[in-house]
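Undergrad: below is the sequence, then the predicted model.
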Amino acid sequence: MNDEIRWKDLFVIGFALFAMFFGAGNLIFPPYLGLISGPQWWIGFLGFTITDAGLGLIAIIALSKYDGNLNVLASRVNKTFAIIISTAIILCIGPFLATPRTAATTYEIAILPIFGESVNRYLFSVFFFIVACLLSIKPSKVVDIIGKFLTPSLIICMLVLIINGIFNPIGEIANTAMIDTVLKKGITDGYQTMDAIAGCMFALVVINAVKTRKYSSQALEIKATIYSGIIAAICLAFIYGGLVYLGAQTSSLGVYDINTDNTQLLVDITNRVLGGVGVYILAIITALACLTTAIGLISAAGNFFNDLGKGKVSYEIIVIICSIVSCAISVLGVSQIIKISAPILEILYPCAMTIVLIGLFNDKIKDDLVFKIPSIVSLVFGLLYVLQGKEFLGGLNELITKLPLATFGLGWVIPMLIGLVIAILISNFRKPKEA
């Protein structure tokens, strides 16, 4: 048993967590944010990092005391509700959405530019998920495989791109931004990555990895988990800063505007910074970013359903099933499943965030009502936002758009806080009665 935290463990786990968070979307969004932000690139960067890495870190911290299981916190609302919401989140962000897209994105950015259509898209997806499955199949090895081998390669390639871009600038940063709402854009883009929900999934993987280090107490395990989360967040912030800055360097070239395609901008930046070798570096970065995310999502789903079924279905079998489902969806087409899973995630996201944020104070909350009312309110407003614009909502459509923070996509926050205050007041009022 270990009585002290080992920094080697923290960096391996922290690097693994960084790579799991750092998917293709995290690679593509920041340069475009830099382009449209121009001289205010650092403001956009701060907004993006706070709602992306910041919320992801909060999810890790909140779940660190509960074996990374969102079910434990969500059961404060209702046990059946907890199972439904956790299962829906795992399925939608895992095998039904994000995981299939990792293969599709790798093919489009890493394979097509180099090999063209000589590499069959479908065979590549099968190969991709065979690799992801094999690297996920042993739960105790997942974090070590990512943190010790894949992440260092990813970070080295990212540093090659960013450092070259800093010392050999693409161009001057424009004098004015292309938009007036840089902070809003950064906050909104960071929030929409849904890395807070991803944090709820990856917490399972991280905490299981911490447990294999055999620390002598739960307090040390929690501390190691939180420190690993901080390392991951710092790595994300550093990479985001570099990518946003590189994007800002393109703002005065006169070649790009607000309608520029995010992916094409990333490809162009890489080629301008690294020349002919850029296409290969970007291919490695994309492949590693997508593969590590796929491994993390598959492993998280395996851990979750294994725990949910109390071990009746083995982790290995679940990993194989998730890999097959993800591969099938990737091959058959992601667009149709996105139409179903993306709205479900948008409905559940505010509720999951509410549970996580209130869960930071779980030890001090005695009355489940403090979880129930805000969670239900945020779930209702998540549903209203997805249905926004439908005629049957009538006057509610106008109300939704006028809510504070609505322009940030955070219109649910104030109603949730009002519900929280009401729940606390009712809880305090009920105490004397119960005594």
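TA: Here it is on my side, so go on.

Undergrad: where in the stretch 201-350 of the chain is pLDDT low?
TA: 333-335 (pLDDT under 70).

Undergrad: please redo it, this time with the cut-off set to 90
TA: With pLDDT under 90 as the threshold, the stretch 201-350 of the chain has low-confidence stretches at 214-216, 330-346.

Undergrad: how about the residue most central in space within the chain, nearest residue that isn't a chain neighbour?
TA: The chain has Asp195 as the residue nearest its centroid, 2.1 Å off, counting by C-alpha atoms, centre = their mean. Across the structure, with C-beta to C-beta, 6 or more residues apart in numbering as the measure, the residue nearest Asp195 apart from its sequence neighbours is Gly56 (4.1 Å). All C-beta atoms are positioned from the backbone trio N, CA, C, and that covers glycine.

Undergrad: circling back: test my guess that the residue nearest to the centre of the chain contacts Ala53.
TA: Yes. Applying C-beta atoms under 8 Å as the test, Asp195 and Ala53 come out as touching, 7.1 Å apart.

Undergrad: which residues do the two both contact?
TA: Phe21 (C-beta atoms under 8 Å, 6 or more residues apart in numbering).

Undergrad: show me which residues of stretch 363-376 are buried.
TA: 365, 367, 369-376 (16 or more other C-beta atoms under 10 Å).

Undergrad: reformat the residues you listed as a markdown table; add distance to Ile146, secondary structure and pLDDT.
TA: Formatted as a markdown table, those follow (distance: C-beta to C-beta, whole Å; DSSP: H, G, I helix; E, B strand; the rest coil; pLDDT from 0 to 100):
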| residue | distance to Ile146 | secondary structure | pLDDT |
| --- | --- | --- | --- |
| Ile365 | 35 | coil | 93 |
| Asp367 | 40 | coil | 94 |
| Leu369 | 40 | helix | 96 |
| Val370 | 37 | helix | 96 |
| Phe371 | 33 | helix | 96 |
| Lys372 | 37 | helix | 96 |
| Ile373 | 39 | helix | 97 |
| Pro374 | 35 | helix | 98 |
| Ser375 | 32 | helix | 97 |
| Ile376 | 37 | helix | 96 |
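
Undergrad: ok, the nearest residue to Ile426 once chain neighbours are set aside - contacts?
TA: Leaving out its chain neighbours, the residue that sits closest to Ile426 by C-beta to C-beta, 6+ apart is Leu369, at 6.1 Å. For Leu369, the contacting residues are 423, 426-427, 430, by C-beta under 8 Å, 6+ apart.

Undergrad: likewise for Ile285?
TA: By C-beta under 8 Å, 6+ apart, the contact set of Ile285 is 27, 154, 157-158, 161.

Undergrad: also Phe128?
TA: Going by C-beta under 8 Å, 6+ apart, the list of residues near Phe128 reads 102-103, 106-107, 291, 294, 327, 330.

Undergrad: and for Ile5?
TA: With contacts taken as C-beta under 8 Å, 6+ apart, Ile5 has the following neighbours: 215, 220, 223-224, 227.

Undergrad: surely it is within a strand?
TA: No. With DSSP: H, G, I helix; E, B strand; the rest coil as the criterion, Ile5 is located in coil rather than a strand.

Undergrad: any idea of the pLDDT on it?
TA: pLDDT recorded at Ile5 is 89.

Undergrad: okay, it and Phe21: tell me how far apart.
TA: Computed as C-beta to C-beta, to the nearest Å, the Ile5 to Phe21 distance reads 22 Å.

Undergrad: go on, Gly165?
TA: Relative to Phe21, Gly165 is positioned 22 Å away (C-beta to C-beta).

Undergrad: more neighbours: these two, which one.
TA: Ranked by neighbour count (other C-beta atoms under 10 Å), Gly165 and Phe21 place Phe21 first, with 27 against 22.

Undergrad: so that one touches Leu55, yeah?
TA: No. Counting by C-beta under 8 Å, no contact exists between Phe21 and Leu55, whose distance comes to 10.8 Å.

Undergrad: mutual contacts of these two, please.
TA: With contacts taken as C-beta under 8 Å, 6+ apart, the residues that reach both Phe21 and Leu55 are 195, 199.

Undergrad: okay if I get the buried residues of stretch 363-376 as CSV plus distance to Gly171?
TA: Rendered in CSV, the data for the buried residues of stretch 363-376 read as follows (distance: C-beta to C-beta, whole Å):
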residue, distance to Gly171
Ile365, 52
Asp367, 58
Leu369, 57
Val370, 52
Phe371, 51
Lys372, 54
Ile373, 52
Pro374, 47
Ser375, 48
Ile376, 51
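
Undergrad: okay, Ala435: pLDDT?
TA: We have a pLDDT of 37 for Ala435.

Undergrad: ok, now Ile111?
TA: Model confidence at Ile111, expressed as pLDDT, equals 94.

Undergrad: now Ala196
TA: pLDDT at Ala196 comes out at 88.

Undergrad: Leu357 is in contact with that one, correct?
TA: No. Judged on C-beta under 8 Å, Ala196 makes no contact with Leu357 at a distance of 9.3 Å.

Undergrad: so the two - more neighbours on which side?
TA: The residue with more neighbours, out of Ala196 and Leu357 and counting by other C-beta under 10 Å, is Ala196; that gives 25 against 19.

Undergrad: would you list every one of the helices in the stretch 101-250 of the chain?
TA: In the stretch 101-250 of the chain, the segments counted as helices under DSSP state H, counting those that start in this stretch are 112-115, 121-136, 142-144, 151-167, 182-192, 195-211, 218-248.

Undergrad: contacting residues around the fourth one?
TA: I take that to be helix 151-167. 15-16, 18-19, 22, 235, 239, 242-243, 245-246, 249, 269-270, 273-274, 278, 281-282, 284-285, 288-289, 292.
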